[in-house]
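Undergrad: next one to model:
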Amino acid sequence: MSFRALVLEEKDGKVSSSLQNVDEAALPPGDVTVAVTHSTLNYKDGLILAGLGKIVRKYPHVPGIDFAGTVEVSNDGAFKPGDRVILTGWRVGEWTWGGYAQRARVKAEWLIPLPSGMSPQQAMAIGTAGFTAMLAVMALEARGLTPEKGEVLVTGAAGGVGSVAVAILAKRGYTVVASSGRADAHDYLKSLGAASVIGRAETVAPPGKPLIAERWAGCVDAVGGATLAGVLPAMKYGASVAACGNAGGNDVPASVIPLLLRGVSILGIDSAMKPMPERREAWARLARDLPLEKLDSMTSVIGLGDLPAEGQRILKGQVRGRVVVDVTR
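TA: Below you'll find the predicted structure:
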């Protein structure tokens, strides 16, 4: 039996993609075979599609770090045919074949059941980006963040992680300030629950100022680089920044003074290898704390053939909200 997939191939150091019919025998080893219906586009997917970052170890390769679908074959008692499941992370789509295909075979321990009341399309509108946003909120709250402590900043707010973070925080009663470099995103971010929207430059402290007036009770930083460095001087005493993105660069030209004199913490957020108990908790929280009507409003749907062009757009910061891939199209 064959299935349709987006396949990456490498020649002379250059990566190209094409839609192909792939024999099911080519799938990697695993306990569970899933008929995939939806995947999604994250920033990391954009890097993989462009052949950047040396993320993929072996070609030919089927990318897609997330997927949702229905179990077809299971050699593990945890799942049976007909179960609806989702997968995010575990280096799927990086080190092993992923979700940009109509079939996937993976380890049973990587799958979780689709949350009740959530469709496969909605689960993939969340995807790794939304899952990461939830982990960031959970980390901040574990460090003591509560709505009455003041404004919470979300950087890169119009992107996938940022959009979901804004919607979650707003529903939980926080006063959310959304930071975005996109002038056309203000109405969109306010529709997700942002109390106010500021430009990227307004999050950067003046040169030579390791501390400025305390403002932010917490921050979800989906950008990294100079943006992360720029928000630290304005963090309140004892506040934390959940760092979960590097679209703005890997280097952080920051002063340690906010950490030493105000007790500011930088919390690193990894979603790919998050242990299953925290993973299940985060998805349960997403089902409860993320307004699905707002999720639907931030979602666009594409087919497998649209991925190469859309991957370029996400790397250029031109994608707003979440992009779901309907692999049946």
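
Undergrad: helices along this structure, start to end?
TA: For the chain, the helices defined by DSSP state H occupy 43-49, 120-142, 160-171, 186-191, 225-231, 257-261, 276-289, 292-297, 307-315.

Undergrad: go through those and pick out the most buried.
TA: Neighbour counts averaged per stretch over the helices of the chain are highest for helix 160-171, at a mean of 29; criterion: mean count of other CB atoms under 10 Å. All C-beta atoms are positioned from the backbone trio N, CA, C, and that covers glycine.

Undergrad: which strands and helices lie in contact with it?
TA: Identification of packing neighbours for helix 160-171 by 3 or more CB pairs under 8 Å, 6 or more residues apart in numbering; DSSP states H and E yields helix 120-142, strand 152-155, strand 176-180, strand 216-221, helix 276-289, helix 292-297, strand 322-326.

Undergrad: closest one to R4 among these?
TA: Nearest of the helices and strands packed on helix 160-171 to R4, taken as CB to CB: strand 322-326 at 11.8 Å.

Undergrad: and that closest one with helix 120-142, angle?
TA: Relative orientation of strand 322-326 versus helix 120-142 (axes from the mean of the first three to the mean of the last three CA atoms, to 10 degrees): 150 degrees.

Undergrad: any idea how far strand 322-326 is from the chain center?
TA: Relative to the mean C-alpha coordinate of its chain, strand 322-326 is positioned 12 Å out (CA atoms, centre = their mean, to the nearest Å).

Undergrad: partner strands of that strand, parallel or antiparallel?
TA: According to DSSP bridges, strand 322-326 has the following sheet partners: strand 32-41 (antiparallel), strand 299-303 (parallel).

Undergrad: residues in contact with it?
TA: Contact with strand 322-326 is made by 37-41, 64, 99-100, 121, 124-127, 129-130, 160, 163-164, 295, 298-304, 306-307, 310, 314, as judged by CB atoms under 8 Å, 6 or more residues apart in numbering.

Undergrad: one step back: I'd like the helices of the chain laid out as CSV, including mean pLDDT and distance to E109.
TA: Shown next, in CSV, are the helices of the chain (pLDDT from 0 to 100; distance: least, CB to CB, whole Å):
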stretch, mean pLDDT, distance to E109
helix 43-49, 96, 21
helix 120-142, 97, 17
helix 160-171, 97, 25
helix 186-191, 96, 37
helix 225-231, 94, 33
helix 257-261, 98, 37
helix 276-289, 96, 7
helix 292-297, 93, 27
helix 307-315, 96, 28
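
Undergrad: can you list those helices in CSV and add distance to R84?
TA: Output for the helices of the chain, formatted as CSV (distance: least, CB to CB, whole Å):
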stretch, distance to R84
helix 43-49, 22
helix 120-142, 7
helix 160-171, 21
helix 186-191, 29
helix 225-231, 37
helix 257-261, 44
helix 276-289, 13
helix 292-297, 16
helix 307-315, 23
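
Undergrad: thought T37 was touching V327?
TA: Yes: here T37 lies in contact with V327, judged by CB atoms under 8 Å, at a distance of 6.5 Å.

Undergrad: and the two? Which one has more around it.
TA: It is V327, of T37 and V327, that has more neighbours when counted by other CB atoms under 10 Å, with 28 against 20.

Undergrad: what distance do you get for the more buried one to Q121?
TA: 11 Å (CB to CB, to the nearest Å).

Undergrad: just the buried positions in stretch 61-75, please.
TA: Neighbour-count burial for stretch 61-75, counted by 16 or more other CB atoms under 10 Å, picks out 61-69, 71-72, 74.

Undergrad: actually stretch 199-209, not the one I typed
TA: Buried residues in stretch 199-209, counting neighbours by 16+ other CB under 10 Å, are found at 200, 203-205.

Undergrad: again with stretch 9-25
TA: 15, 17, 22.

Undergrad: would you mind finding the most buried of the strands paired with strand 322-326?
TA: For the strands paired with strand 322-326, where neighbours mean mean count of other CB under 10 Å, the stretch averaging the most is strand 32-41, with a mean of 25.

Undergrad: so it versus helix 160-171, what angle?
TA: Relative orientation of strand 32-41 versus helix 160-171 (the same axes, to 10 degrees): 90 degrees.

Undergrad: so what's the gap between strand 32-41 and the chain middle?
TA: 17 Å.

Undergrad: now that strand - C-alpha only, CSV.
TA: Output of strand 32-41 as CSV, limited to C-alpha atoms (Å, rounded to 0.1, in the frame of the first residue of the first chain):
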residue,chain,number,x,y,z
VAL,A,32,1.8,2.1,16.1
THR,A,33,0.8,3.0,12.5
VAL,A,34,-1.3,6.1,12.2
ALA,A,35,-3.5,7.3,9.4
VAL,A,36,-2.6,11.0,9.5
THR,A,37,-5.2,13.6,8.7
HIS,A,38,-3.6,16.8,9.9
SER,A,39,-0.2,18.2,10.7
THR,A,40,1.0,21.8,11.2
LEU,A,41,3.7,24.3,10.4
